[in-house]
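Q: next come a sequence and a model predicted from it.
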Amino acid sequence: MAIRQFIQSESAGGVMLAAAALLALLVSNSSLAPWYEAFVYLPGEVRIGEDWLVLSKPLVNWVNDLWMAVFFFLVGLEIKRELVDGELASLRQAILPAGAALGGMLVPALIYVATNYGDDIALRGWAIPAATDIAFALAILMVLGSRVPVSLKLFLTAVAIIDDLGAIVVIAIFYTDNLSLPMLISSGIGCAILIVMNRARVMSISPYLAIGVLIWLCVLKSGVHATLAGVITALAIPASRPDGSSPLQEAEHVLQPWVAFAVLPMFAFANAGVSLQGVSLASFLEPVSLGIALGLTAGKAIGVFGTAWLLVRSGAACFPADASRRQFFAVCVLCGIGFTMSLFIGSLAFEGLGPDYEKQLKIGVLAGSILSAAIATALLLKRA
């Protein structure tokens with residue numbers, strides 16, 4: 001029942017996400033484009049004292065650093081739930097989606113690297129096509145309804161969750177610059193406090209959130225991307241109380257609507273706007289755009305399906321129940337919808353490198369995600 005509610009919530013959020021992205025595209029290519037730019041880069045500042053704590057960022061950075069930390073907090077809750085009592089709770093259950101997710105990260109990254117080999121700046125974006133947007137993907141499955149077996153919806157959910165975990169590791173290792181040792185130590189102390197609270201069986205969620213905010217501030221100032229604080233905090237939330245209730249699931253239940261209907265649509269609106277003026281076929285053949293689009297469409301399909309097929313053929317995993325090979329391949333193609341996470345990783349990879357890389361990023365992500373969605377939908381709508 002919980003996994004079904006999760007799928008329905010993520011699916012509804014995917015519809016909102018798509019609507020926000022479409023609105024951003026329409027507005028940024030209309031007479032309202034200057035207003036859109038002014039809104040996205042609207043300055044905002046938080047100041048405590050004269051110089052003790054000053055956070056000054058444009059709106060888009062507040063969304064990417066703070067709002068997305070809330071999204072990653074939810075991702076952390078989902079990962080912990082699946083590890084404790086879900087599709088990833090046992091090796092037998094986890095091996096198929098885990099292997100498929102790893103293959104689905106490796107192959108797109110290799111395709112991108114091959115497309116951009118020799119350009120050291122462009123190669124910073126190698127992880128962009130390795131991501132899957134669970135909200136968008138599940139929204140398509142929701143629209144298709146009974147045409148897709150529940151086993152494949154569960155498979156896609158598990159793959160996307162493991163994919164998000166992989167993205168978190170990639171961000172922590174490869175997109176971290178100018179480390180501040182005092183702030184890292186401070187965030188480490190915050191993490192230790194969370195562990196002590198968990199071991200002491202503190203069941204109220206509020207103390208974890210309070211420490212999580214402090215960790216977010218320290219991580220933000222440390223040079224590590226601040227969204228990781230959300231995951232760290234989530235993993236400390238207790239999974240169950242002695243009476244059988246679950247603080248983790250309570251937090252998830254409260255947070256899901258906010259993420260689905262506010263955080264992700266706002267992220268999409270702030271990041272998906274790209275002017276299509278002067279865009280031609282040649283724009284899609286730029287190395288960065290082409291590498292991302294090929295990685296998402298071909299790379300994801302090959303990596304996810306190929307790895308899963310090898311695991312099933314070797315007997316290490318079981319094929320999803322009540323699913324045909326065509327349906328299974330279609331869901332593997334659907335993993336090529338990388339929208340939210342791909343744009344987010346791209347914003348880190350090409351931060352400060354100018355509008356040309358930003359435009360290639362958005363064109364590649366939009367093209368790859370839309371093409372993956374179209375191919376997968378056509379395959380799932382095709383009668384056997």
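A: Thanks, I have the structure now.

Q: strands of this structure, residue ranges please.
A: With DSSP state E as the criterion, the chain has strands at 43-48, 53-58.

Q: closest one to I111 among those?
A: Closest to I111 of these is strand 53-58 (Cβ to Cβ; 32.7 Å). Bear in mind the C-beta positions are built from the backbone N, C-alpha and C, glycine included.

Q: flag every buried residue along that closest one.
A: Using 16 or more other Cβ atoms under 10 Å as the test for burial, strand 53-58 gives 55, 57.

Q: check which helices and strands that strand is in contact with.
A: Applying 3 or more Cβ pairs under 8 Å, 6 or more residues apart in numbering; DSSP states H and E, one finds that strand 53-58 contacts strand 43-48.

Q: give me the contacts around the strand it packs on.
A: With contacts defined as Cβ atoms under 8 Å, 6 or more residues apart in numbering, strand 43-48 is touched by 53-59, 62.

Q: run the last query once more with 6 Å
A: 54-56, 58, 62 (Cβ atoms under 6 Å, 6 or more residues apart in numbering).

Q: including pLDDT, could those residues go into JSON lines?
A: Shown next, in JSON lines, are these (pLDDT from 0 to 100):
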{"residue": "V54", "pLDDT": "75"}
{"residue": "L55", "pLDDT": "79"}
{"residue": "S56", "pLDDT": "82"}
{"residue": "P58", "pLDDT": "85"}
{"residue": "W62", "pLDDT": "86"}
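
Q: which of these lies closest to L285?
A: Among the contacts of strand 43-48, and counting by Cβ to Cβ, the member closest to L285 is P58, at 31.2 Å.

Q: run through the residues that contact the closest one.
A: Neighbouring residues of P58 by Cβ under 6 Å, 6+ apart: 41, 43.

Q: what about the spatially closest residue to M203 that is not a sequence neighbour, how many residues nearby?
A: Once flanking residues are discounted, M203 sits nearest to R241: 5.2 Å by Cβ to Cβ, 6 or more residues apart in numbering. Neighbourhood size, R241 [other Cβ atoms under 10 Å]: 12.

Q: ok, which pair from the contacts of strand 43-48 is furthest apart?
A: Within these, V54 and P58 form the most distant pair, 14.7 Å apart (Cβ to Cβ).

Q: confidence-wise, which helix or strand of this structure is lowest on average?
A: Scoring the helices and strands of the chain by mean pLDDT, DSSP states H and E places helix 2-28 at the bottom, with a mean of 71.

Q: for V113, give its distance to A130.
A: V113 is 11 Å from A130, where distance means Cβ to Cβ, to the nearest Å.

Q: neighbour count winner among those two?
A: More neighbours surround A130 than the other of V113 and A130, with 29 against 15 (other Cβ under 10 Å).

Q: measure the more buried one to K300 for me?
A: 8 Å.

Q: between the two, what contacts are shared?
A: Residues within reach of A130 and of K300 at once, by Cβ under 6 Å, 6+ apart, are P108.

Q: which stretches of the stretch 251-384 of the chain form helices?
A: Taking DSSP state H, counting those that start in this stretch as the criterion, the stretch 251-384 of the chain contains helices spanning 264-271, 281-284, 287-294, 300-314, 325-334, 339-349, 355-381.
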